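In: Test case, fold it:
(chains A and B)
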Amino acid sequence: MSHLLREHAPVTTAGWELLDSEARERLSPALAARRLVDFSGPLGWEHSATNLGRVEDLSGAPGDGVEAKQRRVLALVELRVPFAISRAELEAGDRGAEDADLAPLDEAARRIAIAENAAVFHGWKAAGISGVLESSPYDAIELGEDCERYPRHVAKAVEALLDAGVAGPHGLALGSDVYARVLETSEHGGYPLLEHLREILSGPIVWAPGVEGAGVLSMRGGDFLFESGEDLSIGYSDHDAESVRLYLQESFSFRVATPEAAVALT
Amino acid sequence: MGFDQYHEPPEQLPEATRTFARLCASLTEEAEAIGWYEQRMAVEADEEARAIMHDAQGEEFKHFCMDLEFLLRRTPLWREIAEGILFQDGDIVEHGEEAEEEATEGAAERGAPLAGGESLGIGSLREVPR
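Out: Residues are numbered from 1 along each chain as shown, chains lettered A, B, ... in the order given. A predicted model of the protein is given here:
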């Protein structure tokens, strides 16, 4: 049995399939970082740290004439979002109900996806994670309220990357607010703004909940490194007569190897 | 009834792994039966008896293929390797080496779930090749 303790949960095989399938369905569209950055792993729950290849001097070596250094590593973070599912709804799912209420799982999926995106794009100081957008050495390009100028701003970001020798494909992450504005906007003549942006970029345009503003980044590889320990999983905590308490969980680290491979748009 | 299909204590195995092991055992039994019928037909002089054995062997072919399809559906990496080997003309060993290399490298890049893991298997969602 794994540490997720799924075998202890009062959930049938069909129930687990229902929960896992719902979680995948909700998570996949929202996990913007995984559409744009390099992903390695999963390396397992036991994997605790990412090798940085760097050392720092260590004083007080136990011996005269002995020099000492200590390896620096980036410890993985664990994200966990608890939720509870009604046992009656799970039983309904077992009977073949198509409308079992899994809203608490949907909300947990939304929260963990937002947290993962925010950590990757904006960083997480306490965890030692620098984000894609905060690491960018370029002045942030102001998006403003006029959506019709967005193609010009995105083109300027792509140009900055190319000037710095950062090849494409270039992808665009749009925070929820910006994404909504882009979807709703047609330029003069009715040409959808989204299509215009696609023509400028050579990579995908991604809805990125948890991201403030937007960012253009290279997807050539080797610049932004997401290392997965345990990939997103559902585990079991406990239960009573009414509900089963579960959680969504993952462990990962994230590094920016090439800060100049992204431009922030605010 | 024996429980030989389990290599590890069954009570420690997830239900999905126990089902997987049962189908692996079933696949082995069907393959053995196919071989046995092949031998019986080779030595049987009675044409009518051979026809019955031939018909029975056809059943085993079907069972083998159903078992295999089930296992491939539950094991994407196995399926991907199988797709590079099965129903192809040319050198079988060469296809095998190529299929294994492409499938395992591709799976690692996509963040395929660890064997025996219970994650959701989402991994990378990148659609643009590097």
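
In: Strands along the stretch 151-266 of chain A, start to end?
Out: In the stretch 151-266 of chain A, the segments counted as strands under DSSP state E, counting those that start in this stretch are A:170-174, A:205-207, A:214-218, A:224-228, A:233-239, A:243-256, A:262-265.

In: show me what contacts B:Arg79?
Out: Counting by C-beta atoms under 8 Å, 6 or more residues apart in numbering or on different chains, B:Arg79 touches B:72-73. Just so you know, the C-beta spots here come from the backbone N, C-alpha and C atoms, and that holds for glycine as well.

In: Which element, helix or strand, includes it?
Out: Here B:Arg79 sits within helix B:76-85, counting by DSSP states H and E.

In: burial count for A:Pro29?
Out: Other residues lying near A:Pro29 total 14 when counted by other C-beta atoms under 10 Å in any protein chain shown.

In: Test my guess that it contacts A:Trp207.
Out: Yes. Using C-beta atoms under 8 Å, A:Pro29 makes contact with A:Trp207 at a distance of 6.9 Å.

In: So which bits of the stretch 151-266 of chain A are right by chain B?
Out: Proximity of the stretch 151-266 of chain A to chain B (C-beta under 8 Å from any C-beta of the partner chain) is limited to residues A:169, A:171, A:203-204, A:219-221, A:228, A:230-234.

In: now for those residues, which pair is the farthest apart?
Out: Longest distance between any two of these is 34.2 Å, between A:Arg220 and A:Ile234; criterion C-beta to C-beta.

In: between the two, who's got more neighbours?
Out: Shown here are A:Arg220 and A:Ile234; by other C-beta under 10 Å, A:Ile234 has more neighbours (25 against 18).

In: That one pairs with what?
Out: Beta-bridge partners of A:Ile234, counted by DSSP bridges, are A:Leu248.

In: just the one 10 residues further on next, same as before
Out: A:Val244 has the following beta-bridge partners by DSSP bridges: A:Ile85, A:His239.

In: where do the helices sit along the chain?
Out: Answering for chain A, as no chain was given. In chain A, the helices defined using DSSP state H lie at A:13-30, A:33-36, A:87-94, A:103-122, A:132-135, A:150-163, A:176-184, A:193-200.

In: My question was about chain B, not that one.
Out: Using DSSP H, the helices assigned to chain B run over residues B:15-43, B:47-74, B:76-85, B:92-110.

In: Check these for me: which has the lowest mean pLDDT.
Out: Lowest mean pLDDT within these: helix B:92-110, a mean of 80.

In: related to what we said a few turns ago, could I get the residues of the stretch 151-266 of chain A next to chain B as TSV with distance to A:His153 and pLDDT?
Out: Shown next, in TSV, are those (distance: C-beta to C-beta, whole Å; pLDDT from 0 to 100):
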residue	distance to A:His153	pLDDT
A:Pro169	18	92
A:Gly171	15	95
A:Gly203	16	89
A:Pro204	18	92
A:Met219	19	94
A:Arg220	22	92
A:Gly221	25	91
A:Ser228	32	94
A:Glu230	38	93
A:Asp231	34	94
A:Leu232	33	96
A:Ser233	39	95
A:Ile234	40	97
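
In: Many thanks, have a good one.
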